[in-house]
Every structure is written in structure tokens, then in C-alpha cells.
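Undergrad: please work out how this folds:
(2 chains)
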2 protein chains.
Amino acid sequence: MAPSNTNPVAVADEVLQKSRVTVVGSGNWGSVAAKLIASNTLNINSFHDEVRMWVFEETLPSGEKLSEVINRTNENVKYLPGIKLPKNVVADPDIEHAVKDANMLVFVTPHQFMEGICKRLIGKIRKDAVAISLIKGMEVKKEGPCMISTLISEILGISCCVLMGANIANEIAVEKFSEATVGYRENKEIAEKWVRLFNTPYFMVSAVQDVEGVELCGTLKNVVALAAGFVDGLDMGNNTKAAIMRIGLREMKALSKLLFPSVKDNTFFESCGVADLITTCLGGRNRRCADAFARNGGKRFFTLA
Amino acid sequence: MAPSNTNPVAVADEVLQKSRVTVVGSGNWGSVAAKLIASNTLNINSFHDEVRMWVFEETLPSGEKLSEVINRTNENVKYLPGIKLPKNVVADPDIEHAVKDANMLVFVTPHQFMEGICKRLIGKIRKDAVAISLIKGMEVKKEGPCMISTLISEILGISCCVLMGANIANEIAVEKFSEATVGYRENKEIAEKWVRLFNTPYFMVSAVQDVEGVELCGTLKNVVALAAGFVDGLDMGNNTKAAIMRIGLREMKALSKLLFPSVKDNTFFESCGVADLITTCLGGRNRRCADAFARNGGKRFFTLA
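TA: This is a model prediction of the structure:
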């Protein structure tokens, strides 16, 4: 590490210039993201140590508030039990308070809540804030599909990157090796800052200039996983499953390029593409639902194995 | 179907012009290939009905010859038991006799036998013969790696395409849906003829002009499957396995392009690429060996599950 600056004015400047991160969301993936980020902010000088995490407040069966338990035990006992969060993660149930000092906003909530959350944050965030979305999914409006990163950008008037990949949260929580892809629109420097914030020895992040391609990979793979689940449920075998996944990947590419001609073929070779598709088609919830649906003769009522 | 020609001279001409197919090899995949091909030669006018299949003669425990049992029962009782072959598949234990009338040679033997077989066939095949190789693997000589299709082309002085894909033979034998990729060097017409010969409603074949790319996919995927097996044997989880498969695919691409700069990125999106990689990393023998090896603490002696 570089020696600390001993000039008090320069130190104050450095503190002011340090980036402050807030994670908006504290579910399973949000808590793991906070863990990853907080391990880096402690070690990289250009970030403030503290990582604020907005918690949608809940009262636990014990009568305690979730945010208080997280701050007392350094553990999200409801959504990531058994995993210690670094002490520099601070749970905050007040969303406006949580975001007000941050210039790096990490959005990781269920996608259907994003529009409401963004509208609530208008005028409440720093002017120099930038965002990244870890949310998979899109809003389909009358005018056509709207990517979540676009929603964030348009409502809040800030730049928004995305991070997607073969990322089963609980495996990352126990530090099993994973990769992820950051998609950015124009500003490579901001993308590299996000990479520095997330990258760890067990979570290898790379950036590609294709925000829509990366985000559509994370969204459309779930459709292919449904097809893969039907193949499993109908006992059609591994050749057929591999064919369905391949054709699915090709169709993801074709649809993405139809929606956004700037989407690049190579994005589908990144973790957000072929790797996430593989993970989701092997074990994901959509695959399991479609499998159970097919085994149940196409009736809607079934229980997941 | 077009009405038959009733002019006797034209009929004789048509018979002479019909392509005759011989499958060189009668193991598991060779027998399934003969089944696929023979269903097409019966229905497509430009091929002779009969498909000759060279059988490396063996005496069965019953004392009968394998080739005789195949011809009597229409079943390769040793390598594809339980599957009826079309009656127009004729097993022939004499390799020179099997190939002498054929102008379409389908090579599907273990790769280590190919050099010997090709040398034995010099001067014994038709001048207008063309070949296709279903053999995965390469010869590594002092001068460098030599693709099997190149070996066939160079020793026999004939054009050689390849056919690779996510093709577990027993699944195709029971007509579960699969895809495959034909790789060709220059002559698109010959490639299209191979596609017509192999393509069925349950075996969908497409052609790409990239013989080395397709063949290297079929060869190198086994190396990646070893890595995938180690990941399984070490219980490293699905994120890591997907990452290893993705990085493996990228390395397959990089090595292929280093060996043959003409190799195309898009080939890795075909059945021979990403789909065969998926199938092999899920269930293939190399994956299972590496899995058992890792679970056995890296000792060489283990039994396959």
C-alpha cells in the first residue's frame, strides 16, 4: 500500500474524493454483493471503508428489527444466514438516508420494485452519483421492453452499468470461484471502477462495452432455462438438452441484436452469456419449475423438488 | 418423390451416377451413423439404397462371426444391442471389398487406427471418392498436430469433411433429437451432399466452412471435460464449473485460431462447439474419469461410477 499522505489538507481532500458505496437491497444476492464490496473498500484507498446497505425493514419472529440484528451480529440472519458480513457493512432501514452520501449506487432488488424505488430517490441522490444494476429482468411497457438499467438512468438521470454472470449467490458467499461481467455504455473509466469495487480473488470480473447485451443475457437465459426444464421433465436426453441450450443461446443473441443492433456477438462468450446460461439450465429455479410442470403432465399445480 | 425415369438408358445412367456409401467402422457411433445414413439412402434418389459397413471381424461367444450376425439379425449385437438397423445396411468384414465401389466414405473408427487403415486403402478406392470423418482426436507428430481429416486427405488424396456435434450415440439410436455440424474446406456442394446423407427429422445437420474449427471443437472439448470433472470431484460448485467451461471454450477458440488462423468464432456457437462441450462436461467419460481421480485424492487407481 502507498504510504499515507501526511499533509492535513491533502488528507481532507483525499477523504472527500473517496467514493462512498451504498447497496440498495439486502436480499440474498444484495447481502453477498455487500460482502464482496466491503472486503474491497477496506483494502482499496480510493473507496471509503463503510458500505451502507439499505434494508427493507422487517420485524423478525424474535420481535427484533432485521436491520438492528444485521448491525449487531454482522449477519443477515434472514437472507444470508451463516455468513458473516465484514463489520464495515452498515444496514440502514431509511432508503433516503442510506443513499444521500453515496456516489456509487448498487441496485439489487426484485425488478418489480425498481420503478417505485427510483421515483422515490429523485432529487435525493448526489449529483455525481453513478449506478450499477445487478437486477435481472426487464419492464415490458406499452412502448416496448425497457431495460432496468435504462429505467434507472432515465428516472435518476445518472449513468448505469450492469453486472451479470454465472453467480449463484450462496456459492459466492462461501468464496467458491466465480466470474462476472460488467456491461458499460460509454465510460470505460467508470466501468473499471466498478470492476475494482467487485473483483476479488474468488470473484473475477471483466468489463465489456455492451450494457444491453450483458443485461439481456441475464434476462433471456431464464426463458431458455424453461425450455431446458421441459426437456428434463420429458426425459429427452442430453443431446436434446445441449441442442436446446445452443439454439436458445443463438436466439438470445438474435433477439438482443434485433432490440439493440449495437449488441456484440462476443458478449455471449462472457460469463453473463454462455456460463450463466449453463448454470441456470443446470440448476436454476426456472429450470426446476418447467421440469416439475412437464412431469406433472402440464398441470399448473406441482411442488418443487 | 419425382416419377421414375422410364427410359432404360437414362435409368442405367442414373444408377451409375448414384452415390454409393460405405461406413468404415462399426462400433457404437459407426453403427448409429449407418442407421442414420441407411434411412436416407432408401428415400433419396441420388443415393444407392445399399450402405456397406466395414466390420472389424470378431468371433462372438456364441462362436458366430459378428458380421454374419449383423447381416442375419440387422443388429450390431456387440456395439449397438437392441437397435434394429435398416435392412439395407450390409456388414462386410473385408475392408478392401467394402470400399471398392463407394464414392462416399464415412470414417468412424478409433483415431489411433486411422493411419494404418488409410495406408491400407491407397490405390483401393475410387478416383471420385470423397470422405467424411466422424473421428474425434488428432495425431500429434514430431512436426506438430495433424488433424485426422488432413491425414485422410493426404494419404488418400481425396477431399475430407468432418461431422461433429453433441452426439451421444445411444440417444441418437433411439431417435432423440440431436444436432450436428459438418465442417468443409472449400466445396460447398460436397458439404451439402453430406448434409443430405446424414440429416433426418431427429438429427439436424448444418454445414460451416471451417473444417479445422469443427474438428478441433470435437477434439479439444475432452480437455475441458477433464477440468470440469476435477471441479465436480472437488465439489467446487456450479459457478466454478460454468466458469471453467466458459474459459475452456475461450481457450479452445484461442488454441484453434493459433493453429489455424482461418478458424471462425461462430463455429464455437454451433453444435460441435458449445453444445458438444456442454454434453461432454455433463456426462462424458473424460469428465467421469477426472471426477473419480479427484475424489480418489489424485491416485491413479479408481473405478468409474
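Undergrad: please make it C-alpha for all contacts and neighbour counts, starting now.
TA: Noted.
Undergrad: wait, a strand at A:V274?
TA: No. Checked against DSSP: H, G, I helix; E, B strand; the rest coil, A:V274 lies outside a strand; its state is helix.
Undergrad: residues in contact with it?
TA: Applying Cα atoms under 8 Å, 6 or more residues apart in numbering or on different chains, we find A:V274 in contact with A:L249, A:F268, B:R246.
Undergrad: mind jotting down where the helices sit in the stretch 151-300 of chain A?
TA: A:169-173, A:188-198, A:211-233, A:238-259, A:276-283, A:285-295 (DSSP state H, counting those that start in this stretch).
Undergrad: what's the second one in contact with?
TA: When contacts are defined by Cα under 8 Å, 6+ apart, helix A:188-198 is touched by residues A:33, A:36-37, A:40-41, A:132, A:161, A:182-184, A:205-207, A:209.
Undergrad: please save the CA atoms from it in CSV.
TA: Only the C-alpha atoms of helix A:188-198 are listed here, as CSV (Å, rounded to 0.1, in the frame of the first residue of the first chain):
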residue,chain,number,x,y,z
LYS,A,188,-14.7,2.9,-19.6
GLU,A,189,-13.2,4.6,-16.5
ILE,A,190,-16.4,4.2,-14.6
ALA,A,191,-16.6,0.5,-15.7
GLU,A,192,-13.1,-0.1,-14.4
LYS,A,193,-14.0,1.5,-11.1
TRP,A,194,-16.9,-1.0,-10.8
VAL,A,195,-14.6,-3.8,-11.6
ARG,A,196,-12.2,-2.7,-8.8
LEU,A,197,-15.1,-2.5,-6.4
PHE,A,198,-16.4,-6.0,-7.1
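Undergrad: list the buried ones in that helix?
TA: By 16 or more other Cα atoms under 10 Å in any protein chain shown, the buried positions in helix A:188-198 come out as A:I190, A:A191, A:E192, A:W194, A:V195, A:R196, A:L197, A:F198.
Undergrad: wait, doesn't A:G273 sit right on A:N167?
TA: No. Between A:G273 and A:N167 there is no contact under Cα atoms under 8 Å: 11.7 Å.
Undergrad: any low-confidence regions in the stretch 201-305 of chain A?
TA: A:301-305 (pLDDT under 70).
Undergrad: chain B contacts on that one?
TA: Proximity of the stretch 201-305 of chain A to chain B, by Cα under 8 Å from any Cα of the partner chain, involves residues A:236-240, A:242-243, A:245-246, A:250, A:269-271, A:274-276, A:278-279.
Undergrad: buried subset of the residues you listed as a PyMOL selection?
TA: Command for PyMOL that selects the buried part of those, burial taken from 16+ other Cα under 10 Å:
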select buried, chain A and resi 236+237+238+239+240+242+243+245+246+250+269+270+271+274+275+276+278+279
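Undergrad: spell out which parts of the stretch 51-200 of chain A neighbour chain B.
TA: So far as Cα under 8 Å from any Cα goes, the stretch 51-200 of chain A lies against chain B at A:A166, A:N167, A:I168, A:E171, A:K176, A:F177, A:S178, A:E179.
Undergrad: ok, A:R287 to chain B distance?
TA: Distance, A:R287 to chain B, by Cα to the nearest Cα, to the nearest Å: 14 Å.
Undergrad: output the contacting helices and strands for the longest strand anywhere in chain A.
TA: Looking across chain A with DSSP state E, the single longest strand is strand A:47-54. If contacts are counted by 3 or more Cα pairs under 8 Å, 6 or more residues apart in numbering or on different chains; DSSP states H and E, strand A:47-54 sits against strand A:19-24, helix A:28-41, strand A:89-92, helix A:95-99.
Undergrad: got the contact list for the nearest residue to A:G183 once chain neighbours are set aside?
TA: Among residues not flanking A:G183 along the chain, A:V211 sits closest, at 4.2 Å (Cα to Cα, 6 or more residues apart in numbering or on different chains). By Cα under 8 Å, 6+ apart, the contact list for A:V211 reads A:C161, A:V162, A:V182, A:G183, A:Y184, A:R185.
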